[in-house]
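**Student:** structure for the following, please:
(one chain, ligands or ions: 1)
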Amino acid sequence: MKRSARRRLVVPAYAKINLGLEVLGLREDGYHELRTLFQAVDLHDDVIVELCASGVTVDCSHPEVPCDARNLAARAAQALLRYSGLRRGVALTLVKRIPVAGGLGGGSSDAAAVLMALDALFELKLGTTGLYPIARRLGADVPFFLFGGTALGLGRGDEIYPLRHQIESQVVIVEPGRPVATPAVFRRIDAGLTPRENSSTIYRFVSSDLDGSAAFQILTNELEEAALEEAPELASVVRRSRTLMRRSGALFASLSGSGSSFFGLFDQANSAQRAVERLRGAGMTAYRCRTVSIDRYRKTWERALRLAGARPAWSQ
Ligand code: C5P
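**Tutor:** Next up, the predicted model:
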């Protein structure tokens, strides 16, 4: 492959949902000690990464995405340029499909995609291990997107342990169309937070012999109450979504992260489709997607990188 063919990459940036989220306490660094189960889903943004002579630019037509230095994808490009010491520029184009500030990790995923794409384009050979500390400094959700699949997130949510058992499921997402500010939700829980040494349900989930819907029933999202206090108009969307998803056969239904997106897991495509139709019939924005295993996540990346003549970091 000619070198010039490596100057532009188009890569998918998948969304995540949190299958469970427990808040154990406030840390000295101001963040919260979490136990969460991340799951990648195939709802995705497209990130186009082009090398240029100098500077970092972002082009994105979404009205709520800043195109300046506040953009997390731009900060990821700056961080990698600084780290590598290369005197180059990067032009980013973000095609947004993941709702913004929706608890689905869109901005963090775009940032991780930029790190992995630039690692390949610049042939830095950092791989997941080398990119991990850079990802961590960008945000607590960014490291997960270096892995994808089903993974346990500890610490700030940035210590990632991929699970041997990868969850395969249909997913229905309801998008309330109302962003929720994560810091405000965390601040609200602080008043009633009783620090705990450890969590019970996430560990039971990953280590138990429970299966199917019985396993999911023990999971909770401890940010839900605070998110609904922060955005009271979400309460009725959440209540109606949960009811309609359960009636349609959902194995599990929950708010993702600090919201506002709400999701349901289904083991049958037809019950997921039924849920989407019922939710849309009730006036909600809902769509279907599927979980992405760690293998599929890697293979999609490998395909995107090889198409552009670049080599994936993890195969180096
Ligand atoms: O790391 P990131 O900037 O994505 O986190 C957004 C905000 O969420 C933080 O500024 C913080 O208020 C809150 N947060 C937290 N504890 C975590 C993760 C996020 O308090 N473990």
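**Student:** residue 288: what secondary structure?
**Tutor:** Here residue 288 is strand, with the state taken from DSSP: H, G, I helix; E, B strand; the rest coil.
**Student:** wait, it sits on residue 271?
**Tutor:** No: under the criterion of C-beta atoms under 8 Å, residue 288 makes no contact with residue 271, lying 10.6 Å away. For every residue, glycine as well, the C-beta is placed using N, CA and C.
**Student:** neighbour count for those two, which is higher?
**Tutor:** residue 271 (19 against 16; other C-beta atoms under 10 Å).
**Student:** am I right that that one falls within a helix?
**Tutor:** Yes: membership of residue 271 in a helix is supported by three-state DSSP.
**Student:** once you drop chain neighbours, what's closest to it?
**Tutor:** Using C-beta to C-beta, 6 or more residues apart in numbering and skipping residues adjacent in sequence, the residue nearest residue 271 is residue 249, 3.8 Å away.
**Student:** looks to me like that neighbour is in a strand.
**Tutor:** No: going by three-state DSSP, the assignment for residue 249 is coil, not a strand.
**Student:** please tell me I have it right and it contacts residue 268.
**Tutor:** Yes: counting by C-beta under 8 Å, residue 249 touches residue 268, with 6.8 Å between them.
**Student:** higher neighbour count, those two?
**Tutor:** Each of residue 249 and residue 268 has its neighbours counted (other C-beta under 10 Å); residue 249 has more, 16 against 13.
**Student:** who in the stretch 51-200 of the chain is up against the ligand?
**Tutor:** Applying C-beta under 6 Å from any ligand atom, we find that the stretch 51-200 of the chain lies next to the ligand at 139-141, 156-157, 182-183, 186.
**Student:** got the contact list for residue 140?
**Tutor:** Contact analysis of residue 140 by C-beta atoms under 8 Å, 6 or more residues apart in numbering lists 31, 34, 156-158.
**Student:** okay, residue 209: pLDDT?
**Tutor:** Residue 209 is assigned 62 on the pLDDT scale.
**Student:** hey, what's the residue nearest to residue 300 when sequence neighbours are not counted bridged with?
**Tutor:** Of all residues not flanking residue 300 in the chain, residue 12 sits nearest, at 6.0 Å (C-beta to C-beta, 6+ apart). Note on residue 12: beta-bridge partners by DSSP bridges are residue 46.
**Student:** so residue 12 is in contact with residue 48, correct?
**Tutor:** No: using C-beta under 8 Å, residue 12 is not in contact with residue 48; the gap is 11.0 Å.
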